[in-house]
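Colleague: Quick one: sequence and predicted model below, then my questions.
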Amino acid sequence: PLGISLYFFNDECLRIDNITTSEQVAGFFQKEKPDRGTNLHLAFKHAFNVHFGAKKGLQPETWLVITDGAPDKPTHVYELLKSESAKFKSPD
């Protein structure tokens with residue numbers, strides 16, 4: 001009911017919240033084109049900051065990642081996921 005959030009990440013990161021229809025998703029994918037790299041580290045870092053910084057408490061989330069290629073800095077992505085996973089209450 002709250003919708004979903006979309007991240008577009010090239011050499012910068014753009015987050016769009018409260019997407020509630022497939023038409024909105026398609027419209028944003030028409031406007032945002034893959035270009036200038038795959039900065040998955042930046043998108044994950046922002047998403048973790050939003051998740052753990054939520055004032056209303058932690059809500060369960062599902063993250064689906066679709067990329068046009070491998071991350072620019074896969075080691076940075078791995079290290080971020082490894083460090084952030086320690087903040088979770090359970091592995092699930």
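Modeller: Yep, that arrived.
Colleague: Rounded mean pLDDT for stretch 68-83, please.
Modeller: Taken as a whole, stretch 68-83 carries a mean pLDDT of 92.
Colleague: With stretch 39-49 instead?
Modeller: This predicted structure assigns stretch 39-49 an average pLDDT of 92.
Colleague: was I right about residue 71 contacting residue 41?
Modeller: Yes: applying CB atoms under 8 Å as the test, residue 71 and residue 41 come out as touching, 6.5 Å apart. In this view, the C-beta of every residue, glycine as well, is placed from N, C-alpha and C.
Colleague: got any residues that touch both of the two?
Modeller: Common contacts of residue 71 and residue 41, defined by CB atoms under 8 Å, 6 or more residues apart in numbering, comprise residue 77.
Colleague: which non-adjacent residue is nearest residue 65?
Modeller: For residue 65, ignoring the flanking residues on the chain, the nearest one in space by CB to CB, 6 or more residues apart in numbering is residue 40 at 7.1 Å.
Colleague: before we move on, what about residue 50?
Modeller: Using CB to CB, 6+ apart and skipping residues adjacent in sequence, the residue nearest residue 50 is residue 15, 7.6 Å away.
Colleague: Residues in contact with the helix or strand encompassing that neighbour: which ones?
Modeller: With the criterion set as DSSP states H and E, the secondary-structure element containing residue 15 is strand 13-19. The contact list for strand 13-19 (CB under 8 Å, 6+ apart) reads 2-8, 25, 28, 32, 39, 42-43, 46-47, 50.
Colleague: hmm, 7 Å instead?
Modeller: Taking CB atoms under 7 Å, 6 or more residues apart in numbering as the criterion, the residues outside strand 13-19 that touch it are 2-8, 25, 28, 32, 39, 42-43, 46.
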